[in-house]
Structures are given as C-alpha cells and as structure tokens.
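Trainee: Sequence below, structure please.
(one chain, ligands or ions: 1)
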Amino acid sequence: DNHDSKTKDGRMRVGIGYDVHAYGDGDHVTLGGVRIAHTRGVIAHSDGDVALHALCDALLGAMALGDIGEHFPDSDPRWKGADSRRFLQHCRALVQEQGWRVVNADLTILAQVPRVGPHRLLMRQNIADDLGVRIDCINVKATTSEELGALGRGEGLACQAIVLLTHGDNAHQHGHDGH
Ligand code: MG
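Mentor: Sure, this is the predicted structure:
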C-alpha cells in the first residue's frame, strides 16, 4: 500500500466495532469513560468499557490495523484494570500517525440496565476529548433488548460503534479545549 499522503487525500474509511461483557460482582459499570453506579460490575481484564472497546475496534477496523485484542492483549498485566480511555487515546495516536482524521463516530449501547441516558453527554465529551474532535461529531445512543435474550435478561451489556475517517485536511482537528 502506498503511504504517500497525497495519494490518500480525500479518501474515506469506515470501520465497525462490537463488544460485549458479562455482568459479575461489583457496584458499578464504566461506559464511555463514565463510572455508573449499578448493582453489578463487569467481568473484564480492563475496566470492561464496552463502548470504548467497540469504538477502538471501529477505529482500528477503519485503518485495517486488526483489533483491540491484538493491540492490548488481555494476557498482558499492563492492561489489568486499565482505564479504557488509554486504549482510545492510543487509537487516536494511530489515527494521527497515519494521517487520518475522525469525521464522526456513532455508538449504540445495548443494555437492559443500568439507564444510560443521563450519562450520554459526559460519554460524548470524554470520547470527543480523547479523539480530539468536536462533541457534535460523536453520538451515543442506547437501546434495551426489549428483555429478549441474554442482554435482555441483564446478563451483560454490549455496544456497537461505527466510525468514519478521512485523509488529508487536518485543519478541523480540535484539541482538548472542547470547542
Ligand atoms: Mg471488551
């Protein structure tokens, strides 16, 4: 593949990600970098943030760089209990290294419980900060599974993410100022 940036100008790449974790013992879940009090926790090597894991996979997918398991193996003690925002920040660095820019990301959290709505704005802000984009480039929505299946029985939670990258013009890249 040709890595000359001129050849990629105007190119776009789309990526998709999905993650699921089972509930276990605990008193909170972490979603989009937001700690949400809950009657259960999430079984995971890291903090089990399905939203950020799905988003990382979408970013890696768009760049054809494999998946989150390759970049942050759960056999690696460095990632035990890790804040998944570190994963997302690492993915942002890869996006920048390769000359890509995030156009937008859209996430759907699938969880019967806990309620996600009150935390959506903060999740969007966390993600926008970590990716260096405006908050209006990031959407987070949530749906229950209408009590169907494992997710509907509240055995775990999941997230789908899709992201669009473009190459070239980085003039619209924003920093951590939230503007
Ligand atoms: Mg995961």
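Trainee: Please make it C-alpha for all contacts and neighbour counts, starting now.
Mentor: Will do.
Trainee: Which residue ranges of this structure form helices?
Mentor: Listed in chain order, the helices of the chain (DSSP state H) span 5-8, 50-62, 68-71, 84-97, 120-131, 149-152.
Trainee: Can you tell me which of those has the worst average pLDDT?
Mentor: Sorting these by mean pLDDT places helix 5-8 lowest, at a mean of 59.
Trainee: Deepest-packed of the helices of the chain, please.
Mentor: Comparing the helices of the chain by mean neighbour count (mean count of other Cα atoms under 10 Å), helix 50-62 comes out on top with a mean of 28.
Trainee: Identify whichever of the helices of the chain lies nearest to A142.
Mentor: Closest approach to A142 among those (Cα to Cα): helix 120-131, 8.8 Å.
Trainee: Around I36, count how many other residues there are.
Mentor: By the measure other Cα atoms under 10 Å, the count of residues near I36 is 17.
Trainee: ugh, wrong one, D76
Mentor: The burial count for D76: 9, using other Cα under 10 Å.
Trainee: For it, give its distance to S46.
Mentor: Applying Cα to Cα, to the nearest Å, the value for D76 to S46 is 10 Å.
Trainee: G154 now?
Mentor: Applying Cα to Cα, the value for G154 to S46 is 20 Å.
Trainee: Kindly export stretch 129-138 (C-alpha atoms) in CSV.
Mentor: Extracted in CSV, the C-alpha atoms of stretch 129-138 (Å, rounded to 0.1, in the frame of the first residue of the first chain):
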residue,chain,number,x,y,z
ASP,A,129,-11.8,14.8,24.2
ASP,A,130,-9.9,11.6,23.6
LEU,A,131,-10.3,11.7,19.8
GLY,A,132,-9.6,15.5,19.6
VAL,A,133,-12.9,16.2,17.8
ARG,A,134,-15.9,18.4,18.4
ILE,A,135,-18.6,16.9,20.6
ASP,A,136,-21.1,17.2,17.7
CYS,A,137,-19.0,14.6,15.8
ILE,A,138,-19.8,12.0,18.5
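Trainee: residues of that stretch that come out buried?
Mentor: Within stretch 129-138, the residues that count as buried by 16 or more other Cα atoms under 10 Å are D129, D130, L131, G132, V133, R134, I135, I138.
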